[in-house]
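**Q** Please work out how this folds:
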Amino acid sequence: MKTGLATRPLSAAILCAVVCFCSSAYAQRTSNSNNSSKYSGDEYPDVIELDPFGGVSVFGEVVNGLGEKLANGGTAGGRVAWNFSRHWGIEANYNFMINNVRLMVPIAPGLPSYIFGNQIQYGAIDPVFNFTPRGSRVQPYLTGGIGLAAFHPVGKARQEAVARDAIFHSAALTSDGIKPALNYGAGIKFHVSDHFGVRFDVRGFWSHNPTFGLPSSSATGIYIPSGKNLNGVQATLGAVIYFGQKRAPAPPPAPPPPPPPLNAGSITGAEGTLCQGRPITLHSTASDPAGHTLTYAWKLNGSPSGSNSPDFSFTPNNAGDFTVEVTVTDSTNPSRTVTAGPVTLSVQAYTPPQISAVSATPNELTCAADVNGVHTANLSGQATGSACGGNLTYKWTVSEGSVTNDTSPNATFDSSTLTFEGGAQGQTKTVTATLTVTDETGKSASQSTNILVKCPPQFVRLPDIVFKKNSARVNNCGKRILIEEAAPRVASGDYDIVLVGHRDTDEEVNLPGQRRGRRRVPGHSLDEQRVLNAAAVLSGDTGTCANVDRARIRVDWVGTDQTSTPEPGLCGTSSRPATKERRGAQVTAADKNRRVEVYLVPRTSQAMPPAVKNIKPLPEGEVRALGCPK
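**A** Presented below is the predicted three-dimensional model:
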């Protein structure tokens, strides 16, 4: 006896249906022109579907017992679907199938197999997934669900069962009751018009096999084993009536949104002072939110100028007002244009720097020889420049001498830097101080003022007369200085002679006293005696001495003070020719502090050389008594 379920023909049928469906679904998903919906929003004609259908139903044999087999038959029914979203729907369906039952194995040799008429009624609720959106012209789909199936032998079959009960023991044949049953499959729907279409559906059927009240086993009559499964497949073709909202015509494609307007921005770069002859560079800050390339058209005083650039430069050749504007255009859409400006630029004229005043305070000075005079003057100048000239720089110059702080409006002139010729006559010099002011363009202006510098008559210093240690005797070299250099200069009448005596720190302070008759006269200090002896050489008027008016000689002696610098006149060691000295009268550079300074002082001058501490008139009586020293 067969113990399995023969399902190969049925499986082949289901496989063929699935392959057909998948091919159709793929074709629909890749064909936009066929599958695209021509409806918009919720205005679909297929929200509700009514589907009357008919077709064939085929079942496999239950290969157990007597080989229960539902014969191939027909099916008819209807479906009601609600497509509640673009791809999903739910469907209620009712099937009425006529499939006679045949027990393939006879109960005894020589007897025919047992056959009786059978009707199946099946109802189910199935979700449906549509591969294309609601409203598409072609909609392949998948479905599956569970329902209830009732198997009913026809009335004639029951009568025949009773009549043949003696042979087949078939009087127990009745309806099988209601059994749960699954259905699953796929299909495709075609919109013929908005409210009518056709539908092809292939799906499988599964349930427990019906026993129709017969026993599950028997040795004498027909029987059907219980607990087995029944498999079948349906192929149906039906009409589809669509109910839904009124179809709305496909809306025209929305026009592209207009591009945002150009941003005109502003014209920048005209900050600060604008000057005639100086380049001016401007910049347009216009922009396009769409990011397109922009073109630029500049105008200067209403006339096109410059180039296609966001930057514009020009050099005004005159002062006054200039107007500038720029028109910016989208290079890809010339209708998009915007203008910035016009802006007015005020250009100033250039004027060179001008000096309004130059002065020197005071404007009269004295030379360095006048130690008590005023030697410096404050130089000041006032100048103005134009905004277009930039910052001013200052430079002071003088025709002679030197000036400090010479690169500022206020400087200082120093008359002590002037040089004057020595002499008994007073001298004057006029110094011109000039201020030159220059701006950043290189243009300049100059103005001068004069300073009068007066120099009184000046003393002349002759070489010092140098003495041997603790001696006041004037040697031959000293006499030559007094007789050959000092006396002739005094004879001109322009000078007086000033003698300043010194002694060294290692010398005696006073000379020994001298006897005059019965009296002994105290000796003078060494430095004083040296001065008196030098004056006697100048005025002795006998022998080798000169004849200088003693009233023209003034004297001072300062002891060991050495604040003035020694200038020893050593014959034979200087530019003077060597002179033969008496024995014991030779002096050297080591004796330079044992000296008498010799000055020629202009007769009209009240100023004394710095070495003089307490000027005195010459004691003529004492000098006359000395005669001409040997």
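
**Q** From now on I want contacts and neighbour counts done on CA atoms only, so please keep to that.
**A** Fine.

**Q** Need the contact partners of the helix or strand containing residue 179.
**A** Under DSSP states H and E, the secondary-structure element containing residue 179 is strand 177-191. Counting by Cα atoms under 8 Å, 6 or more residues apart in numbering, strand 177-191 makes contact with 17-18, 21, 24, 136-152, 197-208, all of which sit outside it.

**Q** Can you pull the domain assignment for this structure?
**A** Following automatic domain parsing, the chain resolves into domains at 8-29+50-243, 267-348, 354-455, 460-626.

**Q** Compare those domains and give me the one nearest residue 260.
**A** When those are compared by Cα to Cα, domain 267-348 sits nearest residue 260, at 6.5 Å.

**Q** Between the two ends of that closest one, what distance do you get?
**A** Taking Cα to Cα, to the nearest Å, the first and last residues of domain 267-348 lie 20 Å apart.

**Q** State the mean pLDDT of that domain.
**A** In this model, domain 267-348 has a mean pLDDT of 91.

**Q** Okay, now the sheet partners of the strand holding residue 179, with direction.
**A** With DSSP bridges as the criterion, the sheet partners recorded for strand 177-191 are strand 138-153 (antiparallel), strand 196-208 (antiparallel).

**Q** if we compare those, which one ends up closest to residue 302?
**A** Residue 302 lies closest to strand 138-153 among these, at 67.2 Å (Cα to Cα).

**Q** Quick check: next helix or strand after that closest one?
**A** Later in the chain than strand 138-153, the nearest helix or strand by DSSP H and E is helix 155-163.

**Q** between that next one and strand 138-153, how big is the angle?
**A** Angular relation of helix 155-163 and strand 138-153 on a 0 to 180 degree scale: 30 degrees, by axes from the mean of the first three to the mean of the last three Cα atoms, to 10 degrees.

**Q** Mind listing what's buried along helix 155-163?
**A** 157-158, 161 (16 or more other Cα atoms under 10 Å).

**Q** cool, stretch 522-531 as well?
**A** When burial is assessed from 16+ other Cα under 10 Å, stretch 522-531 yields the following buried residues: 524-531.

**Q** ok, those vs residue 170, which is closest?
**A** Looking at the buried residues of stretch 522-531 and their distance to residue 170, the nearest is residue 527, at 185.5 Å (Cα to Cα).

**Q** who touches the residue nearest to residue 53 when sequence neighbours are not counted in this structure?
**A** The shortest distance from residue 53 to any residue that is not its chain neighbour, by Cα to Cα, 6 or more residues apart in numbering, is 3.8 Å, and that residue is residue 238. Listed by Cα under 8 Å, 6+ apart, the contact set of residue 238 reads 51-54, 198-200.

**Q** swap the cut-off to 6 Å and go again
**A** Listed by Cα atoms under 6 Å, 6 or more residues apart in numbering, the contact partners of residue 238 are 52-53, 198-199.

**Q** does residue 617 really touch residue 554, like I thought?
**A** Yes. If you go by Cα atoms under 6 Å, residue 617 and residue 554 touch, sitting 4.7 Å apart.

**Q** and those two? which has more neighbours close in?
**A** residue 554 (20 against 13; other Cα atoms under 10 Å).

**Q** With secondary structure and distance to residue 558 as added columns, please give the buried residues of stretch 522-531 in a markdown table.
**A** Formatted as a markdown table, the entries for these read as follows, by DSSP: H, G, I helix; E, B strand; the rest coil; distance: Cα to Cα, whole Å:
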| residue | secondary structure | distance to residue 558 |
| --- | --- | --- |
| 524 | coil | 13 |
| 525 | strand | 10 |
| 526 | helix | 10 |
| 527 | helix | 7 |
| 528 | helix | 8 |
| 529 | helix | 12 |
| 530 | helix | 11 |
| 531 | helix | 11 |
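
**Q** I'd like those residues as CSV, with pLDDT and distance to residue 378 appended.
**A** Converted to CSV, the buried residues of stretch 522-531 look like this (pLDDT from 0 to 100; distance: Cα to Cα, whole Å):
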residue, pLDDT, distance to residue 378
524, 88, 52
525, 92, 50
526, 92, 50
527, 93, 46
528, 93, 47
529, 93, 50
530, 93, 48
531, 95, 45
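
**Q** Distance to residue 183 added to the residues you listed, as JSON lines?
**A** As requested, the buried residues of stretch 522-531 are arranged in JSON lines below (distance: Cα to Cα, whole Å):
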{"residue": "524", "distance to residue 183": "164"}
{"residue": "525", "distance to residue 183": "160"}
{"residue": "526", "distance to residue 183": "159"}
{"residue": "527", "distance to residue 183": "157"}
{"residue": "528", "distance to residue 183": "159"}
{"residue": "529", "distance to residue 183": "162"}
{"residue": "530", "distance to residue 183": "160"}
{"residue": "531", "distance to residue 183": "159"}
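
**Q** With respect to residue 176, which of those residues is nearest?
**A** For those, the residue nearest residue 176 by Cα to Cα is residue 527; the value is 173.1 Å.

**Q** residues touching the closest one, list them.
**A** For residue 527, the contacting residues are 501-503, 557, 559, by Cα under 6 Å, 6+ apart.

**Q** Give me the nearest residue to residue 551, chain neighbours excluded.
**A** For residue 551, the closest residue by Cα to Cα, 6+ apart turns out to be residue 618, at 7.1 Å.

**Q** That neighbour contacts residue 554, correct?
**A** Yes. Counting by Cα under 6 Å, residue 554 is a contact partner of residue 618 at 5.1 Å.

**Q** tell me the two of the contacts of residue 527 that are most distant?
**A** 503 and 557 (9.0 Å).

**Q** higher neighbour count, those two?
**A** Using other Cα under 10 Å as the criterion, residue 503 and residue 557 rank with residue 503 on top: 30 against 27.

**Q** Quickly note the distance from the more buried one to residue 533.
**A** In this view, residue 503 and residue 533 are 14 Å apart by Cα to Cα.

**Q** Strands along the stretch 301-450 of the chain, start to end?
**A** If you assign secondary structure with DSSP state E, counting those that start in this stretch, the strands in the stretch 301-450 of the chain sit at 303-305, 311-314, 320-330, 333-348, 354-361, 364-366, 376-384, 393-398, 402-404, 410-414, 427-438, 444-455.

**Q** mind putting those strands in a markdown table, distance to residue 257 and mean neighbour count included?
**A** Listed next are the strands of the stretch 301-450 of the chain as a markdown table, based on distance: least, Cα to Cα, whole Å; neighbours: other Cα atoms under 10 Å:
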| stretch | distance to residue 257 | mean neighbour count |
| --- | --- | --- |
| strand 303-305 | 34 | 14 |
| strand 311-314 | 32 | 17 |
| strand 320-330 | 16 | 20 |
| strand 333-348 | 14 | 16 |
| strand 354-361 | 65 | 17 |
| strand 364-366 | 89 | 22 |
| strand 376-384 | 62 | 19 |
| strand 393-398 | 63 | 19 |
| strand 402-404 | 77 | 17 |
| strand 410-414 | 73 | 21 |
| strand 427-438 | 63 | 20 |
| strand 444-455 | 65 | 18 |
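
**Q** quick one: which of the strands paired with strand 177-191 is nearest residue 401?
**A** When the strands paired with strand 177-191 are compared (using Cα to Cα), the closest one is strand 138-153, at 114.5 Å.

**Q** Tell me how far that closest one lies from the chain's centre.
**A** For strand 138-153, the distance from its own C-alpha centre to the chain's C-alpha centre is 74 Å (Cα atoms, centre = their mean, to the nearest Å).

**Q** Over to stretch 501-510?
**A** Its chain's average C-alpha position is 85 Å from that of stretch 501-510, according to Cα atoms, centre = their mean.
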